[in-house]
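# Based on what follows, work out the 3D shape:
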Amino acid sequence: MHALLPPSATMSELPDPAGFEGDELLTWSGLATVLEWLPALLDAQVQRDAGLTHFEYGLLYALSSAPDRTLRLSVLAGYANSSLTKLSRAVTRLERRQWVRRTTDPTDGRYTLATLTDLGQGKVEQATPGHVATVRQLVLTPLTAAQRRQLRDITQRILSAAGPLQPWRAPTEETPAETDGHR
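Numbering: from 1, shown residues only. Here you go, the predicted structure:
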């Protein structure tokens, strides 16, 4: 747990070991429950509808949104917050199904590219409607427009606190710094 603290943190800056109370406990327990339940619900839907894990769907979707449907594996791993080993295993599964093709980056042979095939694009198109419906049902529809904006702000603040991560962004999405002055 202390590994997440800045290296300069002193013992007096460490969290109270007694645990969470009151508002902190209610806030954290709600978020922790969402973090546990939502991935399982998303996995179940995309597995049932398309024979994919949510992780695999995310990889295919990121590739489908990339220029020429191609990304370096290292970039794709960053978007997925995945080790290259885990990503490589997933890409191997997707290659076996002929949804993704790996090639050496012609601009720098030290890198490997993942390219979404036409079959893979078809799989994304098959899986997306059910995924969108599930996300709407579980996350978006229960919230008002104002709450969705608040949730976007909250997730950006949490991601910023987590460090210099580079999460995947929709190709048309502006960075938070461009839209609201945060970051």
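
# Residue 49 reaches residue 130, doesn't it?
Yes. Taking C-beta atoms under 8 Å as the definition, residue 49 is a contact partner of residue 130 at 4.0 Å. Where you see a C-beta, it was placed from the backbone N, CA and C, and this is true even at glycine.

# Next up, phi/psi of the spatially most central residue of the chain, please.
The centroid of the chain falls nearest to residue 80 when counting by C-alpha atoms, centre = their mean (5.2 Å). When read as degrees, to the nearest 10, the backbone of residue 80 gives phi -90, psi 0.

# So it sits against residue 58, correct?
Yes. Assessed by C-beta under 8 Å, residue 80 is found in contact with residue 58 at 6.0 Å.

# Is residue 102 in a helix, a strand, or coil?
strand (DSSP: H, G, I helix; E, B strand; the rest coil).

# what bridges to it?
On the basis of DSSP bridges, residue 102 is bridged to residue 114.

# Residues contacting stretch 121-136, please?
41-42, 45-46, 49-50, 52, 57, 60-61, 64, 69, 97, 99, 116 (C-beta atoms under 8 Å, 6 or more residues apart in numbering).

# hey, where'd the helices end up in the protein?
22-50, 54-65, 73-79, 84-96, 118-135, 145-162, 176-180 (DSSP state H).
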